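1. need coordinates for the below:
(one chain, ligands or ions: 2)
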Amino acid sequence: MATHQFQTEVGQLLHLITHSLYSHKEIFIRELVSNSSDALDKLKYLTLTDDKLKEMSFDPKIHINFEEGDEPRVIVQDNGLGMNDADLSENLGTIAKSGTKAFIGQLTGDSKKDSNLIGQFGVGFYSAFMVSDKIDVYSRKVGEEITWHWSSDGKGEFTIEKAGDDDAEADKLDGPGTRIVCHLNEEGKEFANRWQIQEVIKKYSNHIAFTIFLTYEKTNYDDKGEETGKETVTEQVNSANALWKRSKSEISEEEYKEFYKSISHDGGEPLFWLHTQAEGTLEYTTLFYVPKTAPFDMNYAEYKPGVKLYVRRVFITDDEKELLPTYLRFLKGVIDSEDLPLNVSREILQQNRIMTNIRNASVNKILAEFKRIALEDPDSYKEFIEQYNRPLKEGLYTDYSHKEDLMELVRFKSTKAEGYTSLAEYSERMLPDQKAIYYITGDKESTLRNSPLLEAYKKKDIEVLIMDDDIDEIVVPGLMKYKETDLKAVNRSDAGEDLNEKADKKKEKDTKPVVEKVQKALGDRVKEVKVSVRLADSPSCIVVDESDPTFQMQSMMKAMGQ
Ligand code: ADP
Ligand code: MG
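-> Ligands and ions are numbered 1, 2, ... in the order given. From the prediction side, this is the model:
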């Protein structure tokens, strides 16, 4: 038997993990399952590519069992690639990744500070020492005959030896693979429990591509409630269906819809979805769904984000609002990255370059898809706009970089179109010499449609957008232009350009005495009285000076105490 020292950094890491991560100790199951899944992935690849292994019968699976009692244990076993003595010493005695090594060199030893940083890398195998006072690893590498036994209490040393012929544990490996036996400590004994294990698996590893089996003792009862004996049951505990990783062409519409239900907590249907499998510098998969009906909490500040983050099919979080911009909070789905570290923390996620790239690419893709649907499937787009026009408008002032795209996507009511119209459609309908896009804002559609301000525009056959959504008042003035055309509110004094308001000098002269009288009567209550050509049937109307805030803005500012 050979005794080895852990590399110094492993010692530091072990210390750190046990002192900083104990509140998340359940993750050791996720980490062990994820390693098994990696080992199965690797062997699967070899059986597909290595001539020597092509004939091998390979039924990849992960097996978990546990023992309660005085010596509680949790055991995770896989029939994956396996490790020989050199692999064991290298993989479970050192930290191979140079980035991690450099990172650990920077740690301060102050567990409070370090715990914020530790999320930057996968804590991996060593996290099992949070819940174990000893770990035995039995492993046989594919193509080799010897089963090796690695053992450690996680305190500085580990041993490696050939497993003896009479070693009952080693015998449980009947081919290549790895069996990891955690001897649970006080902190960990709660995990020698069927429900605990099932819950952690469901939470983190449900979509691992391989089947996970759990073996437990089941007590049987007769109809009188008398115990009739025990039975050992082995049951699949994950859905083993990382749908998003499957090739798009192999997934049926029905499967997409089923999956939507399983992740959205929505009994209804998705309106449409967008599945992207990106390869290249960054490898990731995204599957986003637009619910047919907007999530009930969409307009609450405390909404629950609908996108789950996975790293290599391992669940990371479903509570991260930064995965997509807030105005896309109605989307449901998954992001699965091949490049992020497993234990990526919230702080790290928000400034992580990989995550930023995925997020930006996703927003571009999503907005492009909305645009495509608007063009190719107007009926769906109409349904979409009825639910999501408002969050998209929010995007107009929160996501400046996508302002152009969002301007194509939002819709408004209009004096000329049935239902909703786009700015592009308005532009097409503009009169040959029309100088601006006109709109009127307010809170009641019928009042706006009957406003005296619109009379002259109607007479001249100029279209006016009817903006009765309270967010329009905040968003639209900030847009200034659509492409090259100015956007102008009809209740602003400079909006008369197309009505030749300024040109009529003679009228101005004729009406001067009346204007002066009215001005005098109104006194300080108005800034100025002017002759207008804007009106057709009504005698007067109130407008706002170009440089002043509009009525709605004024009352909003008043409400805010300004
Ligand atoms: P990571 O998974 O990020 O590489 P871990 O600490 O989780 O880090 O695991 C360290 C290494 O140990 C793995 O990269 C792998 O080479 C090896 N290993 C761990 N568990 C297994 C397993 N079940 N089968 C084969 N190799 C394993
Ligand atoms: Mg790992």
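2. just want the residue of this protein that's nearest ligand 2.
-> Proximity to ligand 2, evaluated over the chain using Cβ to the ion, is greatest for Gly124 at 3.8 Å. Where C-beta positions appear, they are placed from N, C-alpha and C, glycine not excepted.
3. burial count for the closest residue to that residue other than its chain neighbours?
-> Nearest residue to Gly124, sequence neighbours excluded (Cβ to Cβ, 6 or more residues apart in numbering): Glu31, at 5.4 Å. Glu31 has 21 neighbouring residues, counting by other Cβ atoms under 10 Å.
4. cool, and Thr281?
-> Count around Thr281 with other Cβ under 10 Å applied: 8.
5. how about Tyr439, secondary structure?
-> strand (DSSP: H, G, I helix; E, B strand; the rest coil).
6. ugh, wrong one, Ser540
-> coil.
7. next, count neighbours for Glu68.
-> Other residues close to Glu68 by other Cβ under 10 Å number 14.
8. so Phe288 sits against Arg329, correct?
-> No. With contact defined as Cβ atoms under 8 Å, Phe288 does not count as touching Arg329 (11.8 Å).
9. isn't the residue nearest to Gly124 up against Leu342?
-> Yes. If you go by Cβ under 8 Å, Glu31 and Leu342 touch, sitting 7.3 Å apart.
10. residues contacting the residue of the chain found nearest ligand 1?
-> Closest approach of the chain to ligand 1 (Cβ to the nearest ligand atom) occurs at Gly124, with a separation of 2.3 Å. Counting by Cβ atoms under 8 Å, 6 or more residues apart in numbering, Gly124 touches Glu31, Asn35, Leu342.
11. so where does the last one fall, helix or strand?
-> If I follow you right, that is Leu342. Counting by DSSP states H and E, no helix or strand carries Leu342.
12. ok, and the closest non-adjacent residue to the residue nearest the centre of the chain?
-> The residue lying closest to the centre of the chain (Cα atoms, centre = their mean) is Val307, at 3.2 Å. Nearest residue to Val307, sequence neighbours excluded (Cβ to Cβ, 6+ apart): Leu323, at 4.8 Å.
13. same check, this time on Tyr327
-> The nearest residue in space to Tyr327 (Cβ to Cβ, 6+ apart) is Gly395, at 3.7 Å.
14. list the contacts of the one you found.
-> If you count contacts by Cβ under 8 Å, 6+ apart, Gly395 has them with Pro325, Tyr327, Leu328, His402, Leu406.
15. if we use 10 Å, what do you get?
-> 325-328, 363, 367, 402-403, 405-407, 409-410, 475 (Cβ atoms under 10 Å, 6 or more residues apart in numbering).
16. from these, which land in helices?
-> Secondary structure from DSSP state H places Val363, Leu367, Lys403, Asp405, Leu406, Met407, Leu409, Val475 of these in helices.
17. the last one is in contact with Tyr397, isn't it?
-> Yes. Val475 is in contact with Tyr397 according to Cβ atoms under 10 Å; the separation is 5.3 Å.
18. what residues are shared contacts of those two?
-> With Cβ under 10 Å, 6+ apart, Val475 and Tyr397 have common neighbours Leu406.
19. can you pull out the helices in the stretch 101-250 of the chain?
-> In the stretch 101-250 of the chain, the helices defined using DSSP state H, counting those that start in this stretch lie at 111-118, 168-171, 194-204.
20. around ligand 2, which positions in the stretch 101-250 of the chain sit nearby?
-> By the rule Cβ under 5 Å from the ion, the part of the stretch 101-250 of the chain lying against ligand 2 is Gly124.
21. give the contact list for the nearest residue to Gln387 once chain neighbours are set aside.
-> Nearest residue to Gln387 in three dimensions, chain neighbours excluded: Ala294, at 4.4 Å (Cβ to Cβ, 6+ apart). Neighbour list for Ala294: Arg329, Phe330, Glu386, Gln387, Tyr388, Arg390, Pro391 [criterion: Cβ under 10 Å, 6+ apart].
22. who does Thr317 bridge with?
-> Listed beta-bridge partners, Thr317: Leu309 (assigned using DSSP bridges).
23. could you list the low-confidence segments of the stretch 451-562 of the chain?
-> The model of the stretch 451-562 of the chain has pLDDT under 70 over residues 493-498, 500-505, 533-539, 544-562.
24. and the contacts of Ala294, which two are furthest apart?
-> Based on Cβ to Cβ, the longest span within the contacts of Ala294 runs between Arg329 and Glu386 and measures 17.2 Å.
25. more neighbours: those two, which one.
-> Arg329 (22 against 13).
26. next, count neighbours for the residue nearest to the more buried one when sequence neighbours are not counted.
-> Closest residue to Arg329 apart from its sequence neighbours, by Cβ to Cβ, 6+ apart: Tyr303 at 5.7 Å. Tyr303 has 15 neighbours, counted by other Cβ under 10 Å.
27. surely Tyr303 is in a helix?
-> No. Counting by three-state DSSP, Tyr303 falls outside a helix, being coil.
28. quick check: it vs Lys203, distance?
-> As judged by Cβ to Cβ, to the nearest Å, Tyr303 and Lys203 stand 21 Å apart.
29. where does the stretch 301-450 of the chain have low pLDDT?
-> Those would be 343, if you go by pLDDT under 70 across the stretch 301-450 of the chain.
30. could you pull out the strands in it for me?
-> Secondary structure of the stretch 301-450 of the chain (DSSP state E, counting those that start in this stretch): strands located at 307-311, 314-317, 332-337, 413-414, 436-441.
31. got CSV for the ones you listed, with distance to ligand 2 too?
-> Output for those, formatted as CSV (distance: least, Cβ to the ion, whole Å):
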stretch, distance to ligand 2
strand 307-311, 10
strand 314-317, 9
strand 332-337, 15
strand 413-414, 55
strand 436-441, 56
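32. distance to ligand 1 for those - can I get that in a markdown table?
-> Compiled in a markdown table, the strands of the stretch 301-450 of the chain are given as follows (distance: least, Cβ to the nearest ligand atom, whole Å):
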| stretch | distance to ligand 1 |
| --- | --- |
| strand 307-311 | 10 |
| strand 314-317 | 10 |
| strand 332-337 | 14 |
| strand 413-414 | 55 |
| strand 436-441 | 55 |
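33. His63: which of these is closest?
-> Once the strands of the stretch 301-450 of the chain are compared by Cβ to Cβ, strand 314-317 is nearest, at 18.0 Å.
34. quick one, the helix or strand hosting Ile62 and helix 194-204 angle?
-> Secondary structure from DSSP H and E places Ile62 in strand 61-67. Put simply, strand 61-67 runs at 150 degrees to helix 194-204, going by axes from the mean of the first three to the mean of the last three Cα atoms, to 10 degrees.
35. what residue ranges in the stretch 151-300 of the chain score low on pLDDT?
-> 265-267.
36. residues from it in reach of ligand 1?
-> By the rule Cβ under 6 Å from any ligand atom, the part of the stretch 151-300 of the chain lying against ligand 1 is Thr178.
37. so where do the strands sit in the stretch 151-300 of the chain?
-> 157-162, 177-184, 211-221, 227-236, 270-278, 284-291.
38. now those as CSV including mean neighbour count and distance to Leu46?
-> Converted to CSV, the strands of the stretch 151-300 of the chain look like this (neighbours: other Cβ atoms under 10 Å; distance: least, Cβ to Cβ, whole Å):
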stretch, mean neighbour count, distance to Leu46
strand 157-162, 16, 24
strand 177-184, 24, 13
strand 211-221, 15, 19
strand 227-236, 10, 25
strand 270-278, 18, 23
strand 284-291, 24, 23
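39. Glu254: which of those is closest?
-> strand 270-278 (12.1 Å).
40. that closest one pairs with which strands, and in what direction?
-> strand 284-291 (antiparallel).
41. and Lys413, bridged to which residues?
-> With DSSP bridges as the rule, Lys413 is bridged to Ile466.
42. what's the neighbour count on it?
-> Lys413: 20 neighbours (other Cβ under 10 Å).
43. any idea how far Leu40 is from Glu338?
-> Distance from Leu40 to Glu338, by Cβ to Cβ: 16 Å.
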